[in-house]
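Peer 1: Next input, structure requested:
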Amino acid sequence: MGIKVVLYGSTFQANSAKYFYPKNNEEKIWILGSTGSTFGSMKPKRQQTKESFLKKVRIKSSGCWHFTGAINTTGYGVVGFKGKVWQAHRLSYYFHNGAIPDGLMVLHKCDNRRCVNPDHLFLGTAKDNTQDMINKGRWVCRKKQTHCRKGHELTEENTMVNKTGRTCRKCHNTRQLIYSQKRKTTKP
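Peer 2: Numbers count the residues shown, from 1 in each chain. Sure, this is the predicted structure:
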């Protein structure tokens, strides 16, 4: 049986998680003690605004607006907005030009993944994005690729072949190790 917590007159049931959200998503309840004897609560962060977003931008001499906030594994800036994680260039486009229609992507004219300058961003389909990549010489046939994204050489010993193509064995093993460590720490 989990731990029963009463907060602001509402009752919630918690199992052995470190934190959980009540049904109204207004409070995040942290379970601090290993026995669940110490509790705390935390209000969600303030809503991201255009002004707070632009505080995370540094203008480069190239004209790019370099996003200095969090970066995901593919090199794009990420930021929380309206309860979801947005890529920074998509949020910049949203703030400056309005909603992004379904099925369209926000593409970069400058090929700088951290750039959030609305003058460097434009809408296009996945096909447009691929064609833009080919036109700018960024497309690499995976068979001709000699190194993975992390810089490991793709030798016969370090290369795995699966249904999606060739994969770096060192990167794959690292991802599997991180995944298994996360699963061990989150098991009840």
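
Peer 1: domains of the protein?
Peer 2: 3-42, 50-135, 141-188 (automatic domain parsing).

Peer 1: And for whichever helix in the chain runs longest, what's in contact with it?
Peer 2: Ordering each helix of the chain by length in residues (DSSP state H) puts helix 169-186 first. Residues outside helix 169-186 that contact it (CB atoms under 8 Å, 6 or more residues apart in numbering) are 148, 149, 150, 152, 157, 158, 159, 160. Just so you know, the C-beta spots here come from the backbone N, C-alpha and C atoms, and that holds for glycine as well.

Peer 1: before we move on, back to that, for the domains of the chain, which one ends up most surrounded?
Peer 2: When the domains of the chain are scored by mean count of other CB atoms under 10 Å, the highest mean neighbour count falls to domain 50-135 (a mean of 15).

Peer 1: dump the residue contacts of the one residue sitting closest to the centre of the chain.
Peer 2: The centroid of the chain falls nearest to residue 72 when counting by CA atoms, centre = their mean (4.7 Å). By CB under 8 Å, 6+ apart, the contact list for residue 72 reads 78, 87.

Peer 1: what do you get for the one 3 residues further on?
Peer 2: Shown here is residue 75, whose contacts under the criterion CB under 8 Å, 6+ apart are 113, 114.

Peer 1: any idea how far residue 108 is from it?
Peer 2: Computed as CB to CB, to the nearest Å, the residue 75 to residue 108 distance reads 11 Å.

Peer 1: thinking again about what came up before, as a markdown table, the domains of the chain with mean pLDDT would be great.
Peer 2: Shown next, in a markdown table, are those (pLDDT from 0 to 100):
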| stretch | mean pLDDT |
| --- | --- |
| domain 3-42 | 41 |
| domain 50-135 | 91 |
| domain 141-188 | 83 |
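
Peer 1: Distance of residue 130 relative to residue 87?
Peer 2: 18 Å.

Peer 1: try residue 155
Peer 2: 33 Å.

Peer 1: cool, and residue 144?
Peer 2: Counting by CB to CB - residue 144 and residue 87 are separated by 28 Å.

Peer 1: now swap in residue 98 and tell me
Peer 2: According to CB to CB, residue 98 and residue 87 sit 17 Å apart.
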